[in-house]
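Participant: this one's sequence-less:
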Ligand code: F6R
């Protein structure tokens, strides 16, 4: 049942091209409109959405953070991302014009379910992005967009994360279309590029040998930091979460711009730091800014483990290691950049002799508050 892989997690990491492809499959009608699996919200009401609030926990919340950048860019609708357990108790400001999007692999996470119920009581429209057919959260929601990652057995979420991000892109394009315009990027071009992502993820998975060696070499490491900007920020957070839950190593993700506001004090000679570098054509000159962040920490002795696009030569002088990802449009890069971080956590945990499918103290779905 592990399909020849030693663990479910490794199998699921390798299923990621399919998870993305299947989530895209048959999603648009002849007019290009997104097909929701279950839509109990009149389109007229969806067209008038004034704000989006995403509620989720853990890895699903990081998918939500990625979604915020894409949905805001394409629709200019303000998007807020709330941890579901915080949302419920902060007297959230939502009303009939708010679309509350929950993201959950299991569809059974109690914190997320309670947030959705709370939002519905306040009159919001609720949409569930979920991987499990017929589970509780989609049943409690007005609309459902299923991710088609297939069953995820390993406790640590991998393929569901990529499928969630994919579904969020579709939602962003759909909302843009309902409103009759995409503010940035051509929707058709984005869809075309999205369909090219499974092949790129597959290609990337074929070159993970060095990441595996790095992980095995670092089996005694006590702490790893992760840096990213823009969409690379949630990717960094997710990389840190994977390492905590699988390898029981202290790991922390930061927005790279935050470095000089505190975390740079943590940098001492030999400190490993992963840096997610955006593609050279990322807006706002972010590529150059991240390269100078790498330079800053390298000057203080950090071991810089850099994730950069194939054609990016600028990182070479400051990188202890470079992990190359295939080039892709900036907004879609999280689907690639997170993969080496998953693989790294998997192999570091394995090198420590840990059970990667069933880490200590964790359950696959958290059905208590
Ligand atoms: C991380 C992980 C958890 C889940 C979180 C939400 O690898 O598995 O952080 O992402 O518990 O679970 P779902 O998506 O089932 O609501």
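Facilitator: Thanks, I have it. Every value quoted in this text rests on a predicted model; they were computed, and no experiment measured them.
Participant: How about residues contacting the helix or strand where residue 275 lies?
Facilitator: Using DSSP states H and E, residue 275 sits in strand 272-276. When contacts are defined by CB atoms under 8 Å, 6 or more residues apart in numbering, strand 272-276 is touched by residues 218, 221, 223-229, 232, 235-236, 239, 256, 267, 290, 293-294, 297, 302-307, 337, 341, 344. (Glycine included, C-beta is placed from N, CA and C.)
Participant: ditto for stretch 336-346
Facilitator: Residues from elsewhere that reach stretch 336-346 (CB under 8 Å, 6+ apart): 7, 9-10, 13, 16, 156, 158, 161-162, 197, 200-201, 204-205, 208, 211-212, 214-215, 226, 228, 232, 235, 238-239, 242-243, 245-247, 274, 276, 307, 323, 325-326, 328, 356.
Participant: now check it, is it near the ligand?
Facilitator: No: using CB under 6 Å from any ligand atom, stretch 336-346 stays clear of the ligand, with a minimum separation of 9.4 Å.
Participant: circling back to that earlier point, in helices, which of the contacts of strand 272-276 appear?
Facilitator: 232, 235-236, 239, 290, 293-294, 297, 337, 341, 344 (DSSP state H).
Participant: Emit the ChimeraX select command for whichever of these are buried.
Facilitator: Selection of the buried residues among those in ChimeraX, burial being defined by 16 or more other CB atoms under 10 Å:
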select :232,235,236,239,290,293,294,297,337,341,344
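Participant: what's the pLDDT at residue 357?
Facilitator: The model reports residue 357 with a pLDDT of 89.
Participant: That one touches residue 9, doesn't it?
Facilitator: Yes: contact between residue 357 and residue 9 holds when scored by CB atoms under 8 Å: they sit 5.7 Å apart.
Participant: Quick check: neighbours shared by the two?
Facilitator: Here residue 357 and residue 9 have residue 154 as joint contacts, going by CB under 8 Å, 6+ apart.
Participant: neighbour-wise, which of the two wins?
Facilitator: Shown here are residue 357 and residue 9; by other CB atoms under 10 Å, residue 9 has more neighbours (31 against 20).
Participant: Which helix or which strand is home to that one?
Facilitator: Judged by DSSP H and E, residue 9 forms part of helix 8-14.
Participant: now do residue 61
Facilitator: In the assignment (DSSP H and E), residue 61 maps to helix 58-75.
Participant: Which elements pack onto that helix?
Facilitator: With contacts taken as 3 or more CB pairs under 8 Å, 6 or more residues apart in numbering; DSSP states H and E, helix 58-75 sits against strand 51-56, strand 79-83, strand 98-104, helix 159-178, helix 232-247.
Participant: Output the contacting helices and strands for the longest one.
Facilitator: Helix 159-178 is packed against helix 16-24, helix 43-47, helix 58-75, strand 98-104, strand 125-130, strand 143-146, helix 187-205, helix 334-351, with contacts defined by 3+ CB pairs under 8 Å, 6+ apart.
Participant: Residue 104 versus the residue nearest the centre of the chain, what's the distance?
Facilitator: Closest to where the C-alpha atoms of the chain average out (CA atoms, centre = their mean) is residue 63, at 3.6 Å. Distance, residue 63 to residue 104, by CB to CB, to the nearest Å: 10 Å.
Participant: Give the intersection of the neighbour lists for these two.
Facilitator: residue 56.
Participant: okay, now the residue in the stretch 51-200 of the chain that the ligand sits nearest to: neighbour count?
Facilitator: Per CB to the nearest ligand atom, residue 58 is where the stretch 51-200 of the chain lies closest to the ligand, at 1.9 Å. For residue 58, the count of nearby residues is 22 (other CB under 10 Å).
Participant: who touches the nearest residue to it once chain neighbours are set aside in this structure?
Facilitator: Computed as CB to CB, 6 or more residues apart in numbering, the closest residue to residue 58 that is not its neighbour in sequence is residue 241, at 6.8 Å. By CB under 8 Å, 6+ apart, the contact list for residue 241 reads 58-59, 62, 251, 253.
Participant: Then residue 136?
Facilitator: By CB under 8 Å, 6+ apart, the contact list for residue 136 reads 107-108, 113.
Participant: run the last query once more with 10 Å
Facilitator: Counting by CB atoms under 10 Å, 6 or more residues apart in numbering, residue 136 touches 104, 106-110, 112-113, 116, 128, 130, 367.
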